[in-house]
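K.L.:
coordinates only, sequence not included:
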């Protein structure tokens, strides 16, 4: 069970790193180009950040841990 939680932790950290790096890169590219590209980049950063994809992180963690606990109890019954 602990091995699965450690793997889940690595996955969450990798997810967070990808979101942060993606946000920074898109923000910098939008600022360097300016105009419509900057507006589009700002929208993408918002969708990638806390109001978008990263906002689902808590639900994903809760769902994954819940599934692991259910799997643990089902495996022990058999």
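P.N.:
Okay, I see it. In this text the structure is predicted, and so the values were computed from the model without any measurement. Numbering: from 1, shown residues only.
K.L.:
buried stuff in the worst-scoring helix or strand of the chain on mean pLDDT?
P.N.:
One helix or strand of the chain scores below all others by mean pLDDT, DSSP states H and E: helix 35-48, with a mean of 75. For helix 35-48, the neighbour count (16 or more other Cβ atoms under 10 Å) marks 41, 44-45, 48 as buried. Backbone N, C-alpha and C define where each C-beta goes, glycine included.
K.L.:
of those, closest to residue 56?
P.N.:
Lowest distance from residue 56 to those (Cβ to Cβ) belongs to residue 48, with 11.2 Å.
K.L.:
ok, the residue lying closest to that closest one once chain neighbours are set aside - how many residues close by?
P.N.:
Computed as Cβ to Cβ, 6 or more residues apart in numbering, the closest residue to residue 48 that is not its neighbour in sequence is residue 23, at 5.3 Å. Residues near residue 23, counting by other Cβ atoms under 10 Å, number 20.
K.L.:
thought residue 23 was touching residue 47?
P.N.:
No: counting by Cβ atoms under 8 Å, residue 23 sits too far from residue 47 to count as a contact (10.0 Å).
K.L.:
quick one, longest helix in this protein?
P.N.:
Ranked by residue count, the top helix of the chain under DSSP state H comes out as helix 2-33.
K.L.:
and that helix with helix 35-48, angle?
P.N.:
Helix 2-33 runs at 160 degrees relative to helix 35-48, counting by axes from the mean of the first three to the mean of the last three Cα atoms, to 10 degrees.
K.L.:
in helix 2-33, which residues are buried?
P.N.:
Buried-residue list, helix 2-33, by 16+ other Cβ under 10 Å: 15, 19, 22-23, 26-27, 30.
K.L.:
picking up where we left off before, greatest separation within the buried residues of helix 35-48: which pair is it?
P.N.:
41 and 48 (10.2 Å).
K.L.:
common neighbours of the two, please.
P.N.:
Counting by Cβ atoms under 8 Å, 6 or more residues apart in numbering, the common neighbours of residue 41 and residue 48 are residue 26.
K.L.:
quick one, what contacts the closest residue to residue 39 other than its chain neighbours?
P.N.:
Closest residue to residue 39 apart from its sequence neighbours, by Cβ to Cβ, 6+ apart: residue 30 at 7.8 Å. Applying Cβ under 8 Å, 6+ apart, one finds that residue 30 lies in contact with 37-42, 44-45.
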